[in-house]
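Colleague: this one's structure only:
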């Protein structure tokens, strides 16, 4: 007997800052939005099933789902995100940077991953990011905290417990247990564990959406949609691309939503998990077709057409950039007219055709429209990322350019429009 518990669908990267809830997306229409766009997701309708709304207790814990008497799954209790977690989720996105730590004399880090610093110390370098990874077999939280990685993925809380019940005797098969443990260890080497591992993640007992630290068959905490993203059936490239594996201890995130140093093995494991669920080809296709709604703002940001700018948008004759009254920006892009849209780091935030890009430091306040000059970042809190050296190219009067303005990474786009340089900017 196999039992489905339909609790909706979301992965750590599927719902992000500022995602607007709607009846068809992965964010519940009755979700509670906290300041800074954090989503506290209560319940939703999934595949036509009515979902009980009593699962989320905003006063304390997620109640475990009722189970059959002969079930091996225990009622899990997952605490509501702590004040510390909520404080991290309220911070701006931290742009990917490599961190290097000095290793102790006795270390589990393999020799090939060790570098020697200028003082002769053995060091380990890694990306502090949800997609950043340690060498295989080394836990992400063994050498860093989750504080930065958690600013680079979604900020939401959703029931992470069991959604499907497998035959527990599956664990009696050594090959299955070996592959399940290997896949979990791969995830635990990367920053994604921070939000999805109640044992080794950001805080003991805390997880959201699914829990790789769950007892028994941990993949039973993943939804059908989640398994398809892990198996590579659903393309998750737009959720941020991937680090170059040569800089990420061999881990890549091209085929699966989870980084791995053996992507074929990772996707093969999850394809078998999909097969065990018994999903029909029609059900799988329906989940694939739901991607635009489930990825919501991220999908729109990355795929929408660039429209002509309206009044209050453009660059005036003094070189001042205006993006209307749409909000304060942390990232300002002036691009060639045909440049593609900007996605999330790593990899999708630097498309070809950027003429000038201004980044705001994570500790600084964002900037109002009309306070940033093309090619010259404000002295306090901002800097030019593109070009890396030299000055921004001169703009040519009468030429069409594209502006892409972000409140922050995630679906927080303030402007994506084209303007003709030299035309008056109507500023109120």
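Modeller: In hand now; what should we look at? The model shown is predicted, which means the values in this text are computed figures rather than measured ones.
Colleague: from here on, contacts and neighbour counts on C-alpha atoms
Modeller: Fine.
Colleague: Please look at residue 428 and residue 313 and confirm they touch.
Modeller: No - contact status for residue 428 versus residue 313: not in contact, 10.8 Å apart, counting by C-alpha atoms under 8 Å.
Colleague: Between those two, which is the more surrounded one?
Modeller: residue 313 (24 against 7; other C-alpha atoms under 10 Å).
Colleague: how far away is that one from residue 361?
Modeller: 24 Å (C-alpha to C-alpha, to the nearest Å).
Colleague: So what touches stretch 367-379?
Modeller: Residues from elsewhere that reach stretch 367-379 (C-alpha atoms under 8 Å, 6 or more residues apart in numbering): 315, 319-325, 327-330, 356, 358, 383-384, 391-392.
Colleague: From those residues, list just the buried residues.
Modeller: Among these, those buried by neighbour count (16 or more other C-alpha atoms under 10 Å) are 315, 319-324, 327-330, 356, 358, 383-384, 392.
Colleague: Provide the backbone phi and psi angles at residue 128.
Modeller: Main-chain dihedrals, residue 128, degrees, to the nearest 10: phi -90, psi 90.
Colleague: what about residue 287, is that helix, strand or coil?
Modeller: helix (DSSP: H, G, I helix; E, B strand; the rest coil).
Colleague: contacting residues for it?
Modeller: By C-alpha under 8 Å, 6+ apart, residue 287 lies in contact with residue 225.
Colleague: Report pLDDT for it.
Modeller: With respect to pLDDT, residue 287 has a value of 96.
Colleague: Then residue 38?
Modeller: 46.
Colleague: Name the SS class of residue 213, please.
Modeller: Reduced to three states by three-state DSSP, residue 213 is coil.
Colleague: any idea how far residue 253 is from it?
Modeller: Residue 213 is 21 Å from residue 253, by C-alpha to C-alpha.
Colleague: Could you count how many residues lie near residue 111?
Modeller: Residue 111: 10 neighbours (other C-alpha under 10 Å).
Colleague: isn't there a strand covering residue 417?
Modeller: Yes - judged by three-state DSSP, residue 417 forms part of a strand.
Colleague: got the contact list for it?
Modeller: By C-alpha under 8 Å, 6+ apart, the contact list for residue 417 reads 306, 307, 308, 309, 402, 403, 404.
Colleague: Start from the N-terminal end of the stretch 51-200 of the chain and give the helices.
Modeller: 83-89, 174-188, 193-196 (DSSP state H, counting those that start in this stretch).
Colleague: Going by neighbour count, list what's buried in the longest one.
Modeller: Within helix 174-188, the residues that qualify as buried are 179, 180, 182, 183, 184, 185, 186, 187, 188, counting by 16+ other C-alpha under 10 Å.
Colleague: Which other helices and strands does it contact?
Modeller: Contact here means 3 or more C-alpha pairs under 8 Å, 6 or more residues apart in numbering; DSSP states H and E; on that basis helix 174-188 packs against helix 263-277.
Colleague: Return the angle between stretch directions for the helix it packs on and helix 174-188.
Modeller: 120 degrees (axes from the mean of the first three to the mean of the last three C-alpha atoms, to 10 degrees).
Colleague: Give me the distance between helix 263-277 and the centre of its chain.
Modeller: In terms of C-alpha atoms, centre = their mean, to the nearest Å, the centre of helix 263-277 is set 22 Å apart from its chain centre.
Colleague: For it, which outside residues touch it?
Modeller: Helix 263-277 is contacted from outside by 179-180, 183, 219, 224, 227-228, 230-232, 252-256, 260, using C-alpha under 8 Å, 6+ apart.
Colleague: Which single one of the residues you listed is nearest to residue 302?
Modeller: residue 254 (17.0 Å; C-alpha to C-alpha).
Colleague: tell me, how many neighbours does the closest one end up with?
Modeller: Neighbours of residue 254 (other C-alpha under 10 Å): 17.
Colleague: any idea how far residue 389 is from residue 355?
Modeller: 12 Å.
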